[in-house]
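> Need a 3D model of the following:
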Amino acid sequence: MAIAESECAADQYQSIAQDPNCPSREHIIKCAGKYLDTNQNQKLERSELETAINGLPWFARGVLKVIGSIDKIMKKCDADGDDAIGMYTDMPATEETCLATCFKRKAFKSAFFADCNV
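Numbering: from 1, shown residues only. The predicted structure is shown next:
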């Protein structure tokens, strides 16, 4: 039985056991920090996101139809407009727009860090 979208979207950075069908935003943020934030400044910069997307096999780039282009991701997730998504600044501020659904979080995780267990 699938978890309702509203239940999943309501996870408020709680440290709970991960549901593989609905990864929390907190889990996605931690995994992005581990796998995508190559300079470890706690921000996912546009160049880091471009590198991650360009590193996907061609057949896996369909994830962009789910999560959007780099420009759309930045518009939805970069609250302060500095061309970097602050994991502990922008992400809390964009809770309603950035990876707001289970479906998008699951697609993002599957594409970039499917085996992340942090």
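> What helices and strands are in contact with the strand or helix carrying E26?
Following DSSP states H and E, one finds E26 within helix 25-35. Here helix 25-35 touches helix 102-112, going by 3 or more CB pairs under 8 Å, 6 or more residues apart in numbering; DSSP states H and E. From N, CA and C alone the C-beta is placed, and that goes for glycine too.
> Output the helix holding E26 as PDB, restricted to C-alpha atoms.
The C-alpha coordinates for helix 25-35 follow below in PDB (Å, rounded to 0.1, in the frame of the first residue of the first chain):
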ATOM      1  CA  ARG A  25      13.700  15.500   2.300                       C
ATOM      2  CA  GLU A  26      16.200  15.200   5.200                       C
ATOM      3  CA  HIS A  27      17.500  11.900   3.700                       C
ATOM      4  CA  ILE A  28      17.800  13.400   0.200                       C
ATOM      5  CA  ILE A  29      19.700  16.400   1.600                       C
ATOM      6  CA  LYS A  30      22.100  14.200   3.500                       C
ATOM      7  CA  CYS A  31      22.700  12.000   0.400                       C
ATOM      8  CA  ALA A  32      23.100  15.000  -1.900                       C
ATOM      9  CA  GLY A  33      25.700  16.300   0.500                       C
ATOM     10  CA  LYS A  34      27.600  13.000   0.500                       C
ATOM     11  CA  TYR A  35      27.400  12.300  -3.300                       C
END
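> Okay, strands next: where are they in this protein?
With DSSP state E, the ranges of strands along the chain come out as 43-45, 84-86.
> Put together CSV for those strands, with distance to K65 and mean neighbour count on each row.
Below are the strands of the chain laid out as CSV (distance: least, CB to CB, whole Å; neighbours: other CB atoms under 10 Å):
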stretch, distance to K65, mean neighbour count
strand 43-45, 20, 22
strand 84-86, 20, 23
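> With distance to L99 and mean pLDDT as added columns, please give these in CSV.
CSV is the format used below for the strands of the chain (distance: least, CB to CB, whole Å; pLDDT from 0 to 100):
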stretch, distance to L99, mean pLDDT
strand 43-45, 11, 97
strand 84-86, 10, 97
